[in-house]
Structures are given as C-alpha cells and as structure tokens.
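> Have a look at this prediction, sequence included:
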Amino acid sequence: MSSPTTSVAAGIPATETPKAAAAAPQGTGMSKSVRIVYLALLVLALVAPMIGLYPVFVMKLLCFALFACAFNLLLGFTGLLSFGHAAFFGFAAYVTAWFIKVQGWSPELGILAGVAVAALLGLLFGLVAIRRQGIYFAMITLALSQMVYFLCLQAPFTGGEDGLQGVPRGNLFGLVPLMDDTVMYYVVLAIFVACFLGILRIVTSPFGQVLKMIRENEPRAISLGYEVDRYKLVAFVLSAGLAGLAGSLKTVVMKFATLTDVHWTMSGEVILMSLLGGVGTFFGPVVGSGLVIALQDMLADKVGEWVTVIIGVIFVVCVLAFRKGVVGELIAWRERRKAR
C-alpha cells in the first residue's frame, strides 16, 4: 500500500508545498495570463462606481458570487452536492438582520453573528449528512434545509412572511458610514476579494489536495489512511460559513431578509450559477452568478415571472453547448491549444 506522501491528486505528493500543488489540477493553475486577467478584473471592480455602474447592483452580484464560490468549494473541490445551502445563506441573513435591527448591534458584530450561526448550522448538518453519499446526501441536506425554512416561517423573531425590513446599515467599527452606497461597495468588494483569495489558498493547500483526491477517488483516500469524513466535514463547515457571510452581507446591502433567502429555490439558483460558470474552477462561480443576476435584473421588469423559464432555457443550452461551464470550456480550450 502506498503511503500518504504518494499521489494525492494527479500524482502530487501530499508533502509538497501549496505552490507546487497548485500548478497541476485543471482550473487551479495560476499562469501569468490568469494573474493579468484577475488584476484587470480587480481594477475594473475598483473603478466600477466611477464609470456609471450601479453600486447596489454590483454589491448584490458580489454577494451572490461569494455564495456561489462557497458552494463550489463543496461541490467543485470536494464532490459533495448539497441541496440545502439556502439554509446557511438565508438563516445567516435573518440572524444578522435581527441583531442589527432589534438588538442594535453594529454591522460588523451582526455579520460575525450570522457567520458563526451559519458555521454552527453547517456543523450540525454535516454531522447528520456527511456519512451519506450521492443522492442520499443531497436529499438529507434538502430535508434539513426545509426544516430551517419552516422555522423561519413560524419563528416570531423573523417576521413571518413579511421578513425583516428596514435593516439599518449603521457605521462599520463606529467610524465608517455604510449608508453611503459607494463606501458600502468598497467594504463588500474588500470582503469578497479576501474570501476569494482565502478559498484559493484553501484549495491549493495540502488540505485542498486531499479534498480533490476525495472527490476523484474516495476509496483510495481511505486506503491511504486519510480520515475522509473529517475532511469532508471541515469542508462542509467552511462552505456553510462562507455562505452565511454572503447572506449576512446581502442583508446589510439590501437592508432586508425574507423567506426567499432561505427557500429551496435559492439552493437551486446557486447550483445553477456554479454549473453555468464551471464547477471546479475558481472564477467560474463568479461568472455564473454574474450571468444569472444580470439576467434577472434585466428581464424581471420586462417578462415578470417568465424570467425563471428564460433562465432555465439558457441553462439547458449552456449545459448542452458548454458541458464544463463557460470558464471550464475556456480552460479546456486553452489546454488543447497548449497541447498542439
């Protein structure tokens, strides 16, 4: 039997440095051209309010992009399909809204409370579901998520069907006024960039390489002596906490939390975003969330409820034409070009 220092993912030793490990798996390579693209996108994001882009729309996009990146950490890099991520996103939104509006907490404390509750909820979900695989894991997460939905519907502190409206943004650390959309935008952008780099660091670390091995060949990971359930549980809690952070930020940005945030359709939306952009790629979920949010924003006033049908048709076409998602297909095309 091979020792744990042999192949972890695509022949990469577990003892190698994260930098060396990051170069091999598809979608994780950070070539010079990729760094240039990321830098250009960061510059675009920094000047977005100055070139006429509506800050609230971009903030909403960044919140859902973070949500999709959190989900992709679980599905794309660990191989676990959860139908219950709306529970973490929505319940954290309610917790943050309640602490800020009712208890008078500052926005940073309200956001931290939402993240902590989402991570704890993820731990509870994970302890119940993590030993299951495939459709059984997905169905358990969906059932648990529906329990959270009905809790939010019936609990007195959530406002029932009306949700929690008029959540004040307040001042960050008592100094930075978040009522200004531009100031709020740069705070959200800074949090998103930090989380994106954090996910990048996790996935390219030895821990992330083990997660990829579990995704590709779980029996081999077990045979090499790794405690697979523990790795999957840690990934699940990390994903839940990041999803909770996205929900908490969304509440502060939009100033409300509603049942839509915790409904099962929200779990479907984040799956759609990840698949459209490219599961298992770093920037794919960001592209997918941008496509979905932009389409919803452009079509909602024109076609009403038909926007869901239109997005569904676009999703089917993209799945048929781009099996690996938009970013996944671009990466595959680049690899084929290099091979020639």
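Sure, I can see it.
> Tell me which residues touch the nearest residue to Leu62 once chain neighbours are set aside, please.
For Leu62, ignoring the flanking residues on the chain, the nearest one in space by Cβ to Cβ, 6 or more residues apart in numbering is Phe192 at 4.6 Å. All C-beta spots, glycine's among them, are computed from the backbone N, C-alpha and C. Taking Cβ atoms under 8 Å, 6 or more residues apart in numbering, we find Phe192 in contact with Leu62, Ala65, Leu66.
> Just the buried subset of those, written out for ChimeraX, thanks.
With 16 or more other Cβ atoms under 10 Å as the criterion, this ChimeraX line picks the buried residues out of those:
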select :62,65,66
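> If we go by neighbour counts, what in stretch 211-225 is buried?
Leu211, Lys212, Met213, Ile214, Arg215, Ala221, Leu224.
> I'd like the distance between the residue nearest to Leu62 and Met213.
Using Cβ to Cβ, to the nearest Å, Phe192 is found at 29 Å from Met213.
> Helices of the stretch 201-340 of the chain, start to end?
206-216, 218-223, 228-254, 264-277, 284-303, 307-321, 325-339 (DSSP state H, counting those that start in this stretch).
> Tell me the helices and strands packed up against the longest one.
The elements that helix 228-254 packs onto, with contact taken as 3 or more Cβ pairs under 8 Å, 6 or more residues apart in numbering; DSSP states H and E, are helix 55-78, helix 85-101, helix 107-129, helix 181-203, helix 206-216, helix 218-223.
> what's around Leu39, how many residues?
Other residues lying near Leu39 total 10 when counted by other Cβ atoms under 10 Å.
> The host helix or strand of it vs helix 55-78, what angle?
Using DSSP states H and E, Leu39 maps to helix 32-47. Compare the direction of helix 32-47 with that of helix 55-78 by axes from the mean of the first three to the mean of the last three Cα atoms, to 10 degrees and you get 150 degrees.
> I'd like the average pLDDT over helix 32-47.
Mean pLDDT, computed over helix 32-47, is 85.
> remind me which residues of the chain are low pLDDT?
1-30 (pLDDT under 70).
> at 50 instead, please
1-29 (pLDDT under 50).
> Tell me, how many residues neighbour the nearest residue in space to Leu276 that is not next to it in sequence?
The shortest distance from Leu276 to any residue other than its chain neighbours is 3.8 Å, reached at Gly288 (Cβ to Cβ, 6+ apart). Other residues lying near Gly288 total 31 when counted by other Cβ under 10 Å.
> Gly288: what's it in contact with?
So Gly288 contacts Ala68, Leu272, Met273, Ser274, Leu275, Leu276, Gly277, Gly278, Gly325, Val326 (Cβ under 8 Å, 6+ apart).
> Nearest to Thr78 among those?
Proximity of the contacts of Gly288 to Thr78 (Cβ to Cβ) peaks at Ser274, which lies at 12.7 Å.
> neighbours of that closest one, just the number please.
There are 27 residues near Ser274, going by other Cβ under 10 Å.
> ok, now how distant is it from Val43?
26 Å.
> Just say which of the helices and strands packed on helix 228-254 is most tucked in.
helix 85-101 (a mean of 29; mean count of other Cβ atoms under 10 Å).
> Burial check on Phe173, number of neighbours?
Look at Phe173: counted by other Cβ under 10 Å, it has 9 neighbours.
> ok, the residue lying closest to it once chain neighbours are set aside to Thr182 distance?
Using Cβ to Cβ, 6+ apart and skipping residues adjacent in sequence, the residue nearest Phe173 is Glu108, 6.2 Å away. Taking Cβ to Cβ as the measure, Glu108 and Thr182 are separated by 19 Å.
> Arg215 too?
Remark: distance between Arg215 and Thr182 (Cβ to Cβ) = 40 Å.
> try Tyr54
Per Cβ to Cβ, Tyr54 is found 11 Å from Thr182.
> can you list contacts of stretch 159-175?
So stretch 159-175 is contacted by 94, 96-98, 100-101, 106-108, 153-154, 158, 177-179, 184, 187, 251-252, 255-259 (Cβ under 8 Å, 6+ apart).
> let's go with 6 Å and repeat that
Contact with stretch 159-175 is made by 97, 100-101, 106-108, 177-179, 251-252, 255-258, as judged by Cβ atoms under 6 Å, 6 or more residues apart in numbering.
> Next: stretch 143-154.
Stretch 143-154 is contacted from outside by Gly84, Ala86, Ala87, Phe91, Tyr94, Phe125, Thr158, Val262, using Cβ under 6 Å, 6+ apart.
> For the third one, which residues are in contact?
It stands for Ala87. Residues near Ala87 by Cβ under 6 Å, 6+ apart: Ser145, Val148.
> Great, nothing more from me.
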